[in-house]
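*Asks:* Based on what follows, work out the 3D shape:
(one chain, ligands or ions: 1)
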Amino acid sequence: MLRPLLPGLSSCLLAGLSIGLPPAAAAQDMGRARATITTLAGPAMHGRGYVNKGADEAADYIRRRFRELGLRSFTPKYAQFFPVTINTFPRACELLVDGKPLQPGLDYILEPASGPGRLTGPVVVLDTLIFTNEAAGQHFLGQSLQGRVLVMRQRDADRIRTLPNIFAEHLNKAAALITLVPDKLTASLANRQEAQPRLQVLASRWPLSSQQATLRVDARLAAGYRAQNIIGYVPGRIQPDSFLVVSAHYDHLGRMGKATYFPGANDNASGTALLLELADYYAKPDNQPAYSVVFMAFGAEEAGLLGSSYFVQHPLFPLARIHFLVNLDLEGTGQDGITVVNGRTLEKPFRQLEQLNTKHKYVTAIAARGRAANSDHYPFSEQGVPAFFFYTRGSSKAYHDVHDVAEGLPLTAFAGVFQLVIDFFGSITK
Ligand SMILES: [Zn+2]
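*Replies:* Residues are numbered from 1 along each chain as shown. Down below sits the predicted model:
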């Protein structure tokens with residue numbers, strides 16, 4: 001799932017939905033689903049990013065699974081390639097404060113646009129009087145930051161934008177920038193690179209009396225990385241040129257240096273595993289659907305919905321032939337039920353979901369929300385394709401950090417969402 005969120009807007013209603021079919025006879029294989037998540041979130045996939053070809057390893061894995069299921073392909077090897085420019089952290093990632101190392105991933109992370117750098121420098125703490133006192137502001141602007149490691153609180157880093165530009169420009173002269181965050185570290189990706197190392201450090205791990213910091217950060221801006229969507233389908237029995245789509249992004253945030261990677265078990269090995277279980281269901285001759293069902297495993301979602309955006313700009317069949325798309329991202333919890341993005345804008349299909357769930361009690365609760373640019377459904381719904389994004393809600397606080405691991409992921413709503421998608425697709429007629 002992508003970090004930025006947009007509030008609700010548009011409405012595009014589906015033409016009539018009929019009453020639900022009986023629940024599907026086949027079931028997902030929870031053991032296999034867990035194994036899929038463990039594999040995708042494992043160290044051999046390097047966080048499914050752009051260091052050590054982690055994303056390509058994951059793509060190859062999905063391709064193999066599609067082939068085993070005998071899915072059809074629109075393209076050679078199920079692949080749709082597209083270029084991505086992304087800032088990566090392939091090797092060194094070290095921070096020492098007064099000679100003592102902090103732990104990457106646990107104590108600190110790199111900001112997405114961090115530049116490279118190797119330095120030891122004195123620590124300078126941002127004087128918060130600059131926001132209220134003009135003399136303090138002038139003093140700050142007159143102070144040389146060259147060779148220094150500037151430390152500031154998150155809220156002050158945000159407040160800098162309220163000051164004249166000259167303050168931000170002055171900050172950028174520091175040899176390194178460290179932001180102290182209060183609660184949790186949340187990583188993401190950038191398609192650009194700043195001039196110096198930039199780190200987020202958990203405030204509780206930063207020694208207040210620190211004098212000196214040493215940083216060793218390798219950062220490389222990978223331009224034109226060949227990312228890929230993996231897309232297969234089961235042809236429809238009655239109307240093969242009409243499509244229902246299941247989508248899930250398989251990429252995640254990759255590595256942060258040699259020692260650390262982001263496993264992305266919930267985000268989104270879980271949704272990928274669910275997509276593969278649904279592919280397994282529809283690939284069985286007994287379950288061949290009336291419409292073609294397409295399985296889109298998107299790349300580069302975490303880089304800004306790039307794979308799904310590329311698809312809508314270069315569709316492999318007319319987007320107008322998609323009767324519905326269900327996007328699966330963050331399917332690893334569900335104690336509190338699921339949320340349906342676009343549930344508020346697509347009222348009729350949402351009511352259908354509610355009815356199916358009331359009847360069969362697949363998940364504990366279904367909440368609707370409006371439009372949101374937070375996962376791969378969004379480029380489709382912006383093109384007028386009816387699309388829902390289902391995500392599970394539950395106890396896990398791990399999100400875009402090293403704690404999003406396969407072990408202990410509850411998968412409470414996994415089986416319920418599986419059945420709900422099948423029933424919902426079964427209920428869709430023209
Ligand atoms: Zn994400």
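*Asks:* Cross-check the contact I'm expecting between residue 153 and residue 202.
*Replies:* No. Checked against Cβ atoms under 8 Å, the pair residue 153 and residue 202 is beyond contact range at 12.0 Å. In short, each C-beta sits where N, CA and C put it, glycine included.
*Asks:* quick one: residue 85 from the ion, how far?
*Replies:* To the ion, residue 85 is 19 Å away according to Cβ to the ion, to the nearest Å.
*Asks:* residue contacts, that residue?
*Replies:* By Cβ atoms under 8 Å, 6 or more residues apart in numbering, the contact set of residue 85 is 191, 221, 222, 223, 224, 225.
*Asks:* Could you work out the most separated pair of those?
*Replies:* Spatially, the most separated pair among those is 191 and 224, at 11.3 Å (Cβ to Cβ).
*Asks:* So for these two, which sits in the more crowded spot?
*Replies:* Between residue 191 and residue 224, counted using other Cβ atoms under 10 Å, residue 191 has the larger neighbour count: 16 against 9.
*Asks:* Surely the more buried one forms part of a strand?
*Replies:* No. Counting by DSSP: H, G, I helix; E, B strand; the rest coil, residue 191 is not found in a strand; it is coil.
*Asks:* Does it touch residue 86 like I think?
*Replies:* Yes. When contacts are counted by Cβ under 8 Å, residue 191 is listed as touching residue 86 (5.9 Å).
*Asks:* who touches both of these two?
*Replies:* Jointly contacting residue 191 and residue 86 under the rule Cβ under 8 Å, 6+ apart are residue 303.
*Asks:* Would you confirm that residue 186 contacts residue 402?
*Replies:* No. Under the criterion of Cβ under 8 Å, residue 186 is not in contact with residue 402, lying 11.2 Å apart.
*Asks:* So which of these two has more stuff around it?
*Replies:* Taking other Cβ under 10 Å, residue 186 and residue 402 do not tie; residue 402 has more neighbours (20 against 12).
*Asks:* any idea how far that one lies from residue 254?
*Replies:* 12 Å (Cβ to Cβ, to the nearest Å).
*Asks:* who in the chain is up against the ion?
*Replies:* Counting by Cβ under 5 Å from the ion, the chain comes close to the ion at 1, 267.
*Asks:* Grab the longest helix from the chain for me.
*Replies:* The residue-count maximum for a helix in the chain (DSSP state H) belongs to helix 54-69.
*Asks:* Just the CA coordinates for it, please, in PDB.
*Replies:* Provided in PDB are the C-alpha atoms of helix 54-69 (Å, rounded to 0.1, in the frame of the first residue of the first chain):
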ATOM      1  CA  GLY A  54      14.600  -8.600  -5.600                       C
ATOM      2  CA  ALA A  55      11.500  -7.400  -7.500                       C
ATOM      3  CA  ASP A  56      12.600  -9.600 -10.400                       C
ATOM      4  CA  GLU A  57      13.000 -12.600  -8.200                       C
ATOM      5  CA  ALA A  58       9.400 -12.100  -7.000                       C
ATOM      6  CA  ALA A  59       8.200 -11.600 -10.600                       C
ATOM      7  CA  ASP A  60       9.900 -14.900 -11.600                       C
ATOM      8  CA  TYR A  61       8.200 -16.700  -8.700                       C
ATOM      9  CA  ILE A  62       4.700 -15.500  -9.700                       C
ATOM     10  CA  ARG A  63       5.400 -16.300 -13.300                       C
ATOM     11  CA  ARG A  64       6.300 -19.900 -12.300                       C
ATOM     12  CA  ARG A  65       3.100 -20.200 -10.300                       C
ATOM     13  CA  PHE A  66       1.000 -18.800 -13.200                       C
ATOM     14  CA  ARG A  67       2.700 -21.300 -15.500                       C
ATOM     15  CA  GLU A  68       2.000 -24.200 -13.200                       C
ATOM     16  CA  LEU A  69      -1.700 -23.200 -13.100                       C
END
